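>>> Just to be clear, the model below is a prediction. Sequence and coordinates:
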Amino acid sequence: MKKIFVLFGTRQKEGNTAKFVKKITERLDKEKFSVDYYYPQDYKIEPCVGCAKCFTQTKCMSNDDLMMLQEKILESDVFIIASPVYLHYFTADLKLVLEKCSWWAHTLRLQGKPVVVLSTCDTNGHKTVIKPLSNIMTYMGGNVIACANAAMLPNQLNNEGWMEEVSEEIASRICKYADIPHQSNADIEKLFPYIKKAALHQKEYLEKYNIDIEFGEYNYWCNTEMLKYESFEEYLKEKYKYEEVVV
């Protein structure tokens, strides 16, 4: 059974964003896929206090539900992240969750997991939601396989023909990528050498100043053995033991 995890930025369980996502997930074979939906009100997530301990210990020290939520994301075969447009950006609830996963953006923590980025809006503003969310997912090592927005004007949300076409295309991509090993892409490959260099800089800093602290990010790079590789693609091929996947 393949796991789909949906992280919503909306509290409206019957709203437009939920409607758009479920139009897609309802197309998935229920015998092959299980779908888990997260709404902000379902979990207790404390505000980030800027203690930076997530960078040294690679976990948030807050006594909340973040680690439970992170586990669901990491256990999933495909991750869907969806938000309505609020003031030309994604919602504060969603930003809170992503802020508390900041160290993921220094470690490619999603490890090539296929990600779908969705938004809904009245008229416009979706580009300032889709683009930053896609960038964040890429920094976190997610392979963004589809992006889409559904708007009230033009009448996409209530346009059955449009909804059927878009939901069918995205559902087909989910089915394809859920069955293959995690993949890199051109955007992640551009980031890889810079994030790797930052991890190595942590080691140099510790040695230069003889500081007795843990740098969790550097340790993560060591433990995963990503430091051995010149590209994320090479690393994933070794990790998932595949030669080449045609997508």
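Good, I have the coordinates. Numbers count the residues shown, from 1 in each chain.

>>> contacts and neighbour counts: CA atoms only from here.
Will do.

>>> Next, the residue positioned nearest the centre of the chain: secondary structure please.
The residue lying closest to the centre of the chain (C-alpha atoms, centre = their mean) is Met137, at 4.3 Å. On the three-state scheme (DSSP: H, G, I helix; E, B strand; the rest coil), Met137 is labelled helix.

>>> Could you do the one 4 residues further on as well?
Taken by three-state DSSP, the conformation at Gly141 corresponds to coil.

>>> again with the one 4 residues further on
Under the three-state scheme (three-state DSSP), the conformation of Ile145 reads as strand.

>>> what's near enough to touch it?
Pro114, Val115, Val116, Arg173 (C-alpha atoms under 8 Å, 6 or more residues apart in numbering).

>>> Farthest-apart pair in these, please.
Pairwise distances across the contacts of Ile145 peak at 10.2 Å for Val115 and Arg173 (criterion: C-alpha to C-alpha).

>>> Tell me which of these two has more neighbours.
Under the criterion of other C-alpha atoms under 10 Å, the comparison of Val115 against Arg173 puts Val115 first, with 27 against 16.

>>> Give me the three-state assignment for the more buried one.
Classification of Val115 using three-state DSSP returns strand.

>>> can you pull up the bridge partners for it?
Going by DSSP bridges, Val115 is paired in beta bridges with Phe79, Val144.

>>> Quick check: it touching Asp77?
No: taking contacts as C-alpha atoms under 8 Å, Val115 lies outside contact range of Asp77: 9.2 Å.

>>> where do the strands sit along this protein?
Ranges of strands in the chain, per DSSP state E, are 2-8, 33-38, 78-84, 114-121, 143-151.

>>> So which residues make contact with the second one?
It stands for strand 33-38. Strand 33-38 is contacted from outside by Met1, Lys2, Lys3, Ile4, Phe5, Val6, Leu7, Phe8, Thr25, using C-alpha under 8 Å, 6+ apart.

>>> Pull out the buried residues from the helix or strand of the chain with the lowest mean pLDDT.
The weakest-scoring helix or strand in the chain, judged by mean pLDDT, DSSP states H and E, is helix 53-57 (a mean of 78). Residues of helix 53-57 classed as buried: Lys53, Cys54, Phe55, Thr56, Gln57 (neighbour count, 16 or more other C-alpha atoms under 10 Å).

>>> hey, C-alpha coordinates of it in CSV?
Provided in CSV are the C-alpha atoms of helix 53-57 (Å, rounded to 0.1, in the frame of the first residue of the first chain):
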residue,chain,number,x,y,z
LYS,A,53,18.6,23.8,18.3
CYS,A,54,17.0,22.1,15.3
PHE,A,55,20.2,22.9,13.4
THR,A,56,22.5,21.4,16.0
GLN,A,57,20.3,18.5,17.1
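
>>> Any regions of the chain where pLDDT drops low?
Low-confidence segments of the chain (pLDDT under 70): 211-213, 242-247.

>>> make it 50
Scanning the chain for pLDDT under 50 picks out no residues.

>>> Specify which member of the contacts of strand 33-38 is nearest to Lys208.
Nearest to Lys208, judged by C-alpha to C-alpha, of the contacts of strand 33-38 is Leu7 at 41.4 Å.

>>> thought that closest one was touching Thr91?
No: the pair Leu7 and Thr91 does not pass the contact test of C-alpha under 8 Å, sitting 11.9 Å apart.

>>> Compare those two (neighbour count), which wins?
It is Leu7, of Leu7 and Thr91, that has more neighbours when counted by other C-alpha under 10 Å, with 22 against 19.
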